[in-house]
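[1] just coords:
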């Protein structure tokens, strides 16, 4: 059995659980249109505002354009997990958040806004738990809390959670650090093994 924390599995997780909204096994433009609406509803806790949706449409349209440019090697309008991995290797491995493509950075910031449901600029344990369980229904509270503890560094513990700058760093580790033991490997809780 493979290690769900290894880099290949983490990147496959990003495709399957963060971007592939229709679960067809590849990314295309419609996934990112769906993500714009999802992001809008999550950050507004179910409310809808056209101006927020328009802003998110622009963010996710730019993200799709950038992913397609970097990863759609056969130019068929679809990005497979393997194509996405190749692109991430080229633009994210060993890089800090600040060095990521602009649209990646914008979508990561948007993701943090949707997790920070109380708007205090901190992902606290309860918000982390909700984020994890909304995606990984097979986890126990003990597994989720164990990942939370492994995610945090001493500064996070003093602060009472993860702020935006730290979330950005952790996301950069999740897709850009090939180590199975980096703190960022726990950003999305106990990961399923993706085959």
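    Received the coordinates, thanks. Here the structure is a predicted model, which means the values were calculated and not measured.
[2] was I right about residue 60 contacting residue 38?
    No. Counting by Cβ atoms under 8 Å, residue 60 stays clear of residue 38, with 9.2 Å between them. Just so you know, the C-beta spots here come from the backbone N, C-alpha and C atoms, and that holds for glycine as well.
[3] who has more neighbours, the two?
    Each of residue 60 and residue 38 has its neighbours counted (other Cβ atoms under 10 Å); residue 60 has more, 26 against 14.
[4] what ranges do the strands span in this structure?
    26-27, 79-80, 122-123, 162-163 (DSSP state E).
[5] got CSV for those, with mean pLDDT and distance to residue 43 too?
    Shown next, in CSV, are the strands of the chain (pLDDT from 0 to 100; distance: least, Cβ to Cβ, whole Å):
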stretch, mean pLDDT, distance to residue 43
strand 26-27, 96, 22
strand 79-80, 96, 25
strand 122-123, 98, 13
strand 162-163, 98, 17
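[6] Those: which one's closest to residue 134?
    With Cβ to Cβ as the measure, strand 122-123 is the member of the strands of the chain nearest residue 134 (13.5 Å).
[7] Direction included, what does the closest one pair up with?
    strand 162-163 (antiparallel) (DSSP bridges).
[8] Contacts for the partner strand next, please.
    Here strand 162-163 makes contact (Cβ atoms under 8 Å, 6 or more residues apart in numbering) with 121, 122, 123, 128, 151, 152, 156, 170.
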